[in-house]
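Peer 1: predicted model and sequence below, questions to follow.
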2 protein chains.
Amino acid sequence: MAKRKRFVYFFGGGKAEGKATMKELLGGKGAGLAEMTNIGLPVPAGFTITTEVCELYFKNNRKYPPGLKEEIERNLKKLENVVGKRLGDPENPLLVSVRSGAARSMPGMMETILNLGLNDKSVEGLAVKTSNRRFALDAYRRFITMYGSTALGVPRERFEEEFDDIKERRTRVRLKKRGRIVDTDVSEAELEELIARYKQLFKAHTGQDFPQNPLMQLWGAIRAVFESWMSDRALTYRKVEGITGLKGTAVNIMQMVFGNMGENSGTGVCFTRDPNTGENIFYGDILMNAQGEDVVAGIRTPIHLNDLKDRMPGVYRQLVDVRKKLERHYRDMQDIEFTIEEGTLYILQTRAGKRSPQAAFRIAVDMVRERLVTRNEAIMRISAKDIEGLFYPIIDPLIPKDELRKKLFATGIAAVPGAATGHVVFTAQDAEKWASDGKDVILVRKETSPEDVGGMHAAKGILTATGGKTSHAAVVARGWGKCCIVGCEDLHIDTDKKTMSVGDAVIKEGEKITLNGTTGEIFKDELPLIRPTQSEEYNTLMRWADRVRTLRVRTNVDTPYDAENAIKLGAEGIGLCRTEHMFFDTEERRLAIQRMILAESQEARKNALEALLPMQRYDFIGIFNAMDGKPVTIRLLDPPLHEFLPHTETDQKHLAKALGLSFNEVKRKIERLKEANPMLGHRGCRLCITYPEILHMQVRAIMEAACECKKIGTKVYPEIMHPLVMDRKELEILARETRKVAEEVMKEKGVKVKYLVGTMIEVPRAAILSDQIAEVAEFFSFGTNDLTQMTLAMSRDDAGRFLTDYMDEKKSAILKQDPFQSLDQEGVGRLIRQAIKLAKPVKKEIKIGICGEHGGDPPSIEFCHVNRFDYVSCSPFRVPVARLAAAQAAIRWPQKTARKKAKRKT
Amino acid sequence: MAKRKRFVYFFGGGKAEGKATMKELLGGKGAGLAEMTNIGLPVPAGFTITTEVCELYFKNNRKYPPGLKEEIERNLKKLENVVGKRLGDPENPLLVSVRSGAARSMPGMMETILNLGLNDKSVEGLAVKTSNRRFALDAYRRFITMYGSTALGVPRERFEEEFDDIKERRTRVRLKKRGRIVDTDVSEAELEELIARYKQLFKAHTGQDFPQNPLMQLWGAIRAVFESWMSDRALTYRKVEGITGLKGTAVNIMQMVFGNMGENSGTGVCFTRDPNTGENIFYGDILMNAQGEDVVAGIRTPIHLNDLKDRMPGVYRQLVDVRKKLERHYRDMQDIEFTIEEGTLYILQTRAGKRSPQAAFRIAVDMVRERLVTRNEAIMRISAKDIEGLFYPIIDPLIPKDELRKKLFATGIAAVPGAATGHVVFTAQDAEKWASDGKDVILVRKETSPEDVGGMHAAKGILTATGGKTSHAAVVARGWGKCCIVGCEDLHIDTDKKTMSVGDAVIKEGEKITLNGTTGEIFKDELPLIRPTQSEEYNTLMRWADRVRTLRVRTNVDTPYDAENAIKLGAEGIGLCRTEHMFFDTEERRLAIQRMILAESQEARKNALEALLPMQRYDFIGIFNAMDGKPVTIRLLDPPLHEFLPHTETDQKHLAKALGLSFNEVKRKIERLKEANPMLGHRGCRLCITYPEILHMQVRAIMEAACECKKIGTKVYPEIMHPLVMDRKELEILARETRKVAEEVMKEKGVKVKYLVGTMIEVPRAAILSDQIAEVAEFFSFGTNDLTQMTLAMSRDDAGRFLTDYMDEKKSAILKQDPFQSLDQEGVGRLIRQAIKLAKPVKKEIKIGICGEHGGDPPSIEFCHVNRFDYVSCSPFRVPVARLAAAQAAIRWPQKTARKKAKRKT
């Protein structure tokens, strides 16, 4: 065995055992403290227990690893020596803070205990040493509260009740000098009484005396910090934020310094730049004569940093110096916590500061200009969320939180970010009708189906009672960047009465609501929305990103309007144009496709298709014009035919009448088309194997459109894509028919158009046999939505029922994330890597793309980059995110090593 | 380029260019003729055009390969030299037959043309040469008929009409000497008139004169034979018989010999042993003064071989000699065609004779005893169909065909062979009720669902209007060896009126019908059934098979009764015991599981499970007792919960009442459990991840049963199997819980039981990550039903709509067979091979089995053998088939090379 691992890292006396790069091991806070110590900043001394200890603690059934005790005691001794005080010393006691700190910031999620080391004796030593008995008693009171509530679960309110009780008594006695009394007004005697009451409360609740042994206090606090890592609050936070792969939290034990030792003391937080705008100004607040927790509690109003300049010019200059030093050192905007103890400045923490999306871009671009960071570093500083935040409308952030809370009606799953407000309607038809009357509507449905697409498009926002982030509603809405909340399970919709309710609260048709698609909140009434604008810095940074990335970014769109929009957002082509959506556009088109589906003979089917041909051609002309020579991948008809047919008797009767058929006939045919598992049924290219005339019509429409565009000088580059292919022979037949029709049309029109014929890889068998399929296909587009469904045997529409259990970190932690949101790189990823590995030797030049939802997900995009995809394709509103993610992946995995990583992972 | 391929193989003059082993190239007939020539039998001379020419013909758009013409002409010259006659010679014409012959026998499916070479001149030469002008004219007439109808599509009936016309005239004139006149009565003059009429008919129909050039005749005939390979008739036959992978048909051109040259001529067919019983006697018929086609037509009654002994003792002795020689040479029972031309014996064909299942066993075992073949060879001679034929009841074969035809009501897909007869009922409940009244019933349903299982079990046979060979009805019925016909699409079922109809024909509830599950025919009324018995030879041969095979054969059963039955049929364990079927057994059990599913709280669910525990334990005790120490793989609950709940309002109301819930509540809950794609939904082990209490109950029931059995001295070896696993972590959780409960129970009972914990591999992701999963699983059971569904994205229940198009040899030929019947070795097989390759290095001793429908399919069993599975598991009635197939695979792939093949295929 090698030397035992070190569990504790010391910092203080001008040097530290850790450093900034040890974030995984020491947590963000611990690494920061070590680093700051090393660069000579005034950091109180202390030591950090590593995140590995936390991991071992939970692995070994909540037992500490052997050797930890000795190591902590040794470091404590060292700390006492550096500070010159002893823990629990009745004359000159060392007080310490015990703080959590994981590798990623989880603000407010875990525990902190201050003033540890105080007991009935040392509190008097502190009183003497500071010549401030009131201060010492107050510190003791605070410690009992924090220790009691966090380490032993005494409800914090119980402590507050006792305090309130005493304050109230005083208020009564002192005849309300200036309203309610504040903490600092409480007398020494009252504090003594309070401490006695607190200790009683502690005993009543825990059955034991408040521990007087400071070492026992220390171990209790350490355990409390570790336990807080697995608290429901922390688990939920990590789940919501998608934080995974951490070992645990570190524990930082550090000498206490006090901002509440009089008017030349204070505590504050500052940002090295403005976190809202990104402007390069020193930004922060300070609270004089106060401890850190007072700042957080927000009881007293802090003063501005500028005021400090006048009050304590020396300290201010020192702080400005720290600002400069830390920003130069970390080369990023910092969020710094500091305390002034009787005129001496201490830096307690530094970390990369949270910032608004706008500020993120400004800071990144400014820092490049200031030569603080490189362009690549600037690109790496931007997150997908920053970009999202720039594009979607949001509820005016100036609305008071209280008002929002009062208007909250329900909460669902946030599917597409942004906000929307409008009148509630409960059917797609109503949505279309109301919208055509010029009204903004929110479409509320139990779930949506392709039939609803018209109404969904007409609505400003969509709300469904069922479904997950990749349900039909979510996927379609995301394509349009339209605010959408799904899976609001508390919602009861009564479509007959046209109402929706949560418990007793009822909202009727026509009433207004507001959706916050970023949080999943649904509010009663209309709330004011604002739409952020894109800054010059955004454009600059995205230009840099485009230069560095090697992956192309295409978009999934079905209309010329969306195509134009996507180009504005930076799309370089269409990776998926779903022809079926075109059939839902108007009543006329719907009828035409329905007539085709219900045709009894090939003859009748061909006639119906003939009617559809000019409509499709018209659409393709529009799309080709919008894309002007950029590649356009068109997928032939994909969904099972029954999806085009009405489900209700009323609609079926209507259809029968329109087609001149008997209702019974229509009903029977619809009945016969029903499938037990439509996902695995008669759909995709199987439709064209059974009815080649569908392929003929669609290919003809594409190629006629292409020829007409070319004739008038528009460049066109169609890529015809067959969905759900599973076999080489199958694709051979489809490709042969496709090329036959294409050549025919070009001959008729006397125009030559370059085009490709390829396939989606979305059936596992196609991936498994990709070497065979590559012989026929000119391109592969991995349809990772369906590929995930089949590979995991998991229907997107039904997974909601168990996926939460699978992702629950506490219960099972089987899946780290929703595989429909972020590619399952382990399983589906292995299949894809293998498919590429098989296909490339067969056809080196084969074009490889992805067109599932994953095309807009940064980790999945990185996967595509590493595995040498040619492009990703995503919803228009994800295009900027994809451009950025592709650039970041290219920076992380420069081309040569990209190949290496791909190999290693296979 | 190497030397050009040879297209034509000559035989005659005592030696041949081909031989028996060239069956693929020369077809069965051509290879047989060559072989017989080589071993010195009296075979007319001729030559064979290879099957490769047929393949090239269709590949190159119906063009012959270059060089063929010259090669045929050269061989024709050779034939003329050997025979000493010339084709078309007006004085001494050579006549030839042109016959098809593929590598596998397709009796009556393709074309034959006799007497080719006759024209207006050579017919006179033949007349002179044979001194029999009537004979020559008759031969010419026959030739025109055959050539006209097969090579140029003149309807055969038209020729017959002309002949009838003349015969009728004669009958009228001759005053009906003895009823209707027969062919041989027709005079020379009348034949001349007939030939003239035929030639007119030919010209009227084709627009050209009947070809007088014999070479033209020959090419026309060759083309006709090739075309017949792709005729609808032949395509259908190959599809029905599952014949695939052939290149095409060969063409045999052979000197004509005539059995109709007088009373010392004749033609016949003989078997070297009795094809019905297998007895070692010479068996056959001969028709004197007749041509082969007369035998086939069945117009005249042939005489027995024994009669030949008296009439032509020399020829008879020669024939007996041929019998001996051929059987010794081919070491198999032969079906020999011969012709006697004026006292000279010619052998025209020999092939392995078709035989009854009983005969197959007797001949195989007898030949081993006669030291003609080895035991292994005997095993290879038996087919799966032979075994099936031994076990299922059949409709008495003595019923006249005419009667059967009159009673035929409809035809569906033959799903489970055998026959059944009984009263028609239309609901599962009725089936149970009628059966408990002692009536035999046939359950007729549109489709079946797990709810129907009770009624299905009570019925003698099952008929459904929808579904394919692997629909629910078929799979369940197959498990019981119960006659079943599915997908009878013409059938209209009116469950309200309790009738079923095909067109105007209606059958009411209670009326009797008879199903022939071997052919898919449904007959009105009750027909007499007989059940074949197993012979001593069957037992002997199966004993040999068991000794040679290395693959174990287990069975899929859910009840002690079926388990006992399976053991009698040779099962060595249970590979799949589906616990959910146990819940449908009685009303009480159904209610208990329904109560569990509808439980609102974990508490209520646990209570409901508590009630199920003793029932499951009881079942497991029964099964363990029946298996007495043989391994029993028990799969925990698999189907989605909604499958256990009623679909109709009436049943839902009934259930609500029974559970003391409101109807609306029950309805809403059932509604909420509905899934868009149940196959990919909340089922399998996902149920136990969500509701671990289900796992706890089931494992407890298994282990309590095992302990109780062991206590009373019964050996037990349970293997607990988790379905639908897709992830290592998932299985880790399940296995941990399983072992925890198992250890608990064993501790309580004070008994130690050996048991395994393993998983199905039925989700592609599990196969892809099998190395990870093997770390946790003690065994893998490939669930190839679901694995096929997911890998091909093809729902068994829905595939009917397009699978026929995919298997249609003419339309697409994408799939060679139904992937749910025979494992898709190319796609799913590659995945399985890869999964094994990944898993074995991780856990060398991991037990590997298969429990899908494929476990009873011989090619799939061979795949399992080659890939070193430990066992296959199939329905009890497939166990003998699996034993045989495993033995045949072991003979074909002895252990050492088995590994090599597996490697090569990966």
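Peer 2: Happy to help now that I have it. Residues are numbered from 1 along each chain as shown, chains lettered A, B, ... in the order given.

Peer 1: count of residues packed around the closest residue to residue A:642 other than its chain neighbours?
Peer 2: Distances taken as C-beta to C-beta, 6 or more residues apart in numbering or on different chains put residue A:673 closest to residue A:642, at 4.0 Å, once the chain neighbours are dropped. To be clear about C-beta, it is placed using only N, CA and C from the backbone, and glycine gets the same treatment. The local packing of residue A:673 (other C-beta atoms under 10 Å in any protein chain shown) involves 19 other residues.

Peer 1: repeat for the one 5 residues further on
Peer 2: If you count neighbours by other C-beta under 10 Å, residue A:678 ends up with 21.

Peer 1: ok, now which ones touch the closest residue to residue A:800 other than its chain neighbours?
Peer 2: Take residue A:800 and drop its neighbours on the chain: the residue closest to it by C-beta to C-beta, 6+ apart is residue A:468, 4.6 Å away. By C-beta atoms under 8 Å, 6 or more residues apart in numbering or on different chains, the residues touching residue A:468 are A:413, A:415, A:474, A:486-487, A:796, A:799-800, A:803, A:818, A:820.

Peer 1: cool, and residue A:209?
Peer 2: Residue A:209 touches A:199, A:202-203, counting by C-beta under 8 Å, 6+ apart.

Peer 1: ok, residue A:316 next?
Peer 2: Contacts of residue A:316 (C-beta under 8 Å, 6+ apart): A:305, A:308-309.

Peer 1: try it again with 6 Å
Peer 2: A:308-309 (C-beta atoms under 6 Å, 6 or more residues apart in numbering or on different chains).

Peer 1: with residue A:703 instead?
Peer 2: Taking C-beta under 6 Å, 6+ apart, one finds A:742, A:745 in contact with residue A:703.

Peer 1: for residue A:490, same thing?
Peer 2: Per C-beta under 6 Å, 6+ apart, neighbours of residue A:490: A:410, A:502.

Peer 1: got the confidence number for it?
Peer 2: For residue A:490, the pLDDT comes out at 87.

Peer 1: neighbours around the residue nearest to residue A:578 when sequence neighbours are not counted, how many?
Peer 2: Closest residue in space to residue A:578, ignoring its immediate chain neighbours: residue A:558 at 5.2 Å, by C-beta to C-beta, 6+ apart. Applying other C-beta under 10 Å, we find 24 residues neighbouring residue A:558.

Peer 1: in what helix or strand does residue A:558 lie?
Peer 2: Counting by DSSP states H and E, there is no helix or strand that carries residue A:558.

Peer 1: how far away is it from residue A:685?
Peer 2: 19 Å (C-beta to C-beta, to the nearest Å).

Peer 1: residue A:120 now?
Peer 2: 81 Å.

Peer 1: of those two, give the one with the bigger neighbour count.
Peer 2: residue A:685 (26 against 12).

Peer 1: quick one: secondary structure of the residue lying closest to residue A:135 once chain neighbours are set aside?
Peer 2: Spatial nearest neighbour of residue A:135, excluding adjacent residues (C-beta to C-beta, 6+ apart): residue A:261 at 6.1 Å. Taken by DSSP: H, G, I helix; E, B strand; the rest coil, the conformation at residue A:261 corresponds to coil.

Peer 1: quick check: residue A:261 vs residue A:131, distance?
Peer 2: 10 Å.

Peer 1: ok, residue A:863 next?
Peer 2: Taking C-beta to C-beta as the measure, residue A:863 falls 63 Å from residue A:131.

Peer 1: more neighbours: which of the two?
Peer 2: More crowded of residue A:863 and residue A:131, by other C-beta under 10 Å: residue A:863, with 25 against 9.

Peer 1: and the gap between that one and chain B?
Peer 2: Taking C-beta to the nearest C-beta, to the nearest Å as the measure, residue A:863 falls 15 Å from chain B.

Peer 1: backbone phi and psi for that residue, please?
Peer 2: Backbone torsions for residue A:863, taken as degrees, to the nearest 10, come to phi -60, psi -40.

Peer 1: ok, it - contacts?
Peer 2: A:823, A:825.

Peer 1: now name the helix or strand holding residue A:590.
Peer 2: Using DSSP H and E, residue A:590 sits in helix A:587-598.

Peer 1: ugh, typo on my part, it should be residue A:729
Peer 2: Short version, using DSSP H and E: residue A:729 is in helix A:728-749.

Peer 1: close to chain B, is that helix?
Peer 2: Yes - on the criterion C-beta under 6 Å from any C-beta of the partner chain, helix A:728-749 is in touch with chain B at A:729-730, A:733.

Peer 1: okay if I get those as a markdown table plus pLDDT, distance to residue A:9 and neighbour count?
Peer 2: As requested, those are arranged in a markdown table below (pLDDT from 0 to 100; distance: C-beta to C-beta, whole Å; neighbours: other C-beta atoms under 10 Å in any protein chain shown):
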| residue | pLDDT | distance to residue A:9 | neighbour count |
| --- | --- | --- | --- |
| A:729 | 96 | 64 | 17 |
| A:730 | 97 | 61 | 24 |
| A:733 | 96 | 66 | 22 |
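
Peer 1: going by distance to residue A:114, which of those residues wins?
Peer 2: Of all the residues of helix A:728-749 next to chain B, residue A:114 sits closest to residue A:730, with 69.4 Å by C-beta to C-beta.
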